[in-house]
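Novice: Just the structure for this:
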Amino acid sequence: MAHEFTFRITTTRFDEDYSPSHDSRITTNFANLARGEYRQQNLRNALTMIDRRFNDLARWDNPGGDRYTLELEIISVAVQFAAEGEDREFPLLEVLDIQILDRLTGTRTQGIVGNNFSSYVRDYDFSVRLPAASEAAGGFALPDDFGDLHGKLFQHFLDSEAYRERFSLSPVICISVSTSKTYRRTDNHHPVLGVEYEQKDSSLTDAYFAKMGLSVRYFMPRGSVAPLAFYFRGDLLNDYTNLQLIGTISTMETFQKIYRPEIYNANSAAAGVYQPTLDQQDYSVTKIAYDREERSRLATAQGRFTDEHLMQPHGELLEQWAAAYGAAADDRVPADDLAPVA
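Specialist: Now for the predicted structure:
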């Protein structure tokens, strides 16, 4: 039933003049920056932080620390349904694409697509379905198929002609580590990603991204104070160049310094055994306005929007498609190779 819907990609330049489209989730990192009285100053400061961090990590043949600048584009993906109707198109997800401009040579290098990840369907799962299931159970409870539809839609998009025509590499999503888990430093060290951390107890976010076909590793780059979670499809350490990895680190570490300064702008670095917390006070703040409470509150409204404009008009079709998609995947993959999701 894949012919019942297709994907449409549009792009928006992310610079100091950026304004969110009406389809963008306003809680998304880049959209949240571009609101309010200080929107342009916020954007300018964030982009400056990104470039400085990139040049700090790309030190070779860069004596002035200003050789590179990043050009960012928001990749917006809509799902379009064949059936006529008011809700024929729905904004499925948004990610960031990176171009690396070498000011010395004038050349541009394709960076990694992904980085930030914005999804209305994820809001629906976490802010509508999960609370409803927990309320019915009288305590925390996951729906049996939690994240299944979202994961299949994401993987279907990556395998689609729309994605393959535009991007040659698989995406990497980079987000904060979980405040509910403990991470332990290992002896593994990557020249760009830095020292690797591990944690044995998969988080709900890890499990959710696993249904999207993404594995996770945790690294703390040089100069960072906490590990970042990298979600990827393929080989994180060998599929990408050093410059590509630096592009993702500098972009997403900047967002995390703004949104989670207690962790990523702390005044001391993570220890060998590390549990992130938002309660500690020993951190610095950026000069960028951000309303964390508003962001949490609006997630519920965005989940209800998804219920009204995607699940109610198209839920039955999507459930039928997901069942067929899962059956096709089972036919392609031997049973012994199907790893359970924790």
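Novice: What ranges does the stretch 1-150 of the chain have for its strands?
Specialist: Ranges of strands within the stretch 1-150 of the chain are 5-14, 68-81, 89-102, 108-110, 114-119, based on DSSP state E, counting those that start in this stretch.
Novice: Note down every partner strand of the third one and its orientation.
Specialist: Take DSSP bridges as the rule and strand 89-102 pairs in its sheet with strand 68-81 (antiparallel), strand 108-110 (antiparallel), strand 114-119 (antiparallel).
Novice: nearest to Gly213, of those?
Specialist: Nearest of the strands paired with strand 89-102 to Gly213, taken as Cβ to Cβ: strand 114-119 at 12.5 Å. Placement of C-beta: from N, CA and C, glycine included.
Novice: what's the average pLDDT for that closest one?
Specialist: Confidence over strand 114-119 (mean pLDDT, whole number) is 93.
Novice: just the angle between that strand and strand 5-14, please?
Specialist: 120 degrees (axes from the mean of the first three to the mean of the last three Cα atoms, to 10 degrees).
Novice: now strand 114-119, how far from the centre of its chain.
Specialist: From the chain centre to the centre of strand 114-119 is a distance of 3 Å (Cα atoms, centre = their mean, to the nearest Å).
Novice: nearest to Ser203, of the strands paired with strand 89-102?
Specialist: Here strand 114-119 is closest among the strands paired with strand 89-102 (Cβ to Cβ), at 15.3 Å.
Novice: Hmm, Phe5 and Ala82 touching each other?
Specialist: Yes: assessed by Cβ atoms under 8 Å, Ala82 is found in contact with Phe5 at 6.7 Å.
Novice: Just want to know which of those two has more residues nearby.
Specialist: Neighbours per residue, other Cβ atoms under 10 Å: of Ala82 and Phe5, the larger number sits with Phe5, 22 against 11.
Novice: What does the pLDDT read for that one?
Specialist: Note on Phe5: pLDDT of 93.
Novice: likewise Leu93?
Specialist: pLDDT recorded at Leu93 is 93.
Novice: circling back: which stretch among the strands paired with strand 89-102 approaches Ile246 most closely?
Specialist: Closest to Ile246 of those is strand 68-81 (Cβ to Cβ; 8.5 Å).
Novice: could you dump the closest one to PDB, C-alpha only?
Specialist: Below are the C-alpha coordinates for strand 68-81, written out as PDB (Å, rounded to 0.1, in the frame of the first residue of the first chain):
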ATOM      1  CA  TYR A  68      35.500  27.000   7.900                       C
ATOM      2  CA  THR A  69      31.900  28.200   8.100                       C
ATOM      3  CA  LEU A  70      28.700  26.000   8.100                       C
ATOM      4  CA  GLU A  71      25.700  26.600   5.900                       C
ATOM      5  CA  LEU A  72      22.600  24.900   7.400                       C
ATOM      6  CA  GLU A  73      19.400  23.900   5.700                       C
ATOM      7  CA  ILE A  74      16.200  22.600   7.300                       C
ATOM      8  CA  ILE A  75      14.900  19.600   5.500                       C
ATOM      9  CA  SER A  76      11.100  19.300   5.800                       C
ATOM     10  CA  VAL A  77       9.500  16.100   4.900                       C
ATOM     11  CA  ALA A  78       5.700  15.900   4.200                       C
ATOM     12  CA  VAL A  79       3.700  12.700   3.700                       C
ATOM     13  CA  GLN A  80       1.200  13.100   0.800                       C
ATOM     14  CA  PHE A  81      -1.800  10.800   0.600                       C
END
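Novice: Can you list the buried residues in that strand?
Specialist: In terms of neighbour count (16 or more other Cβ atoms under 10 Å), strand 68-81 has its buried residues at 68-70, 72-79, 81.
Novice: now, which of these sits nearest Ala133?
Specialist: Looking across the buried residues of strand 68-81 and measuring by Cβ to Cβ, the closest to Ala133 is Val79, at 24.5 Å.
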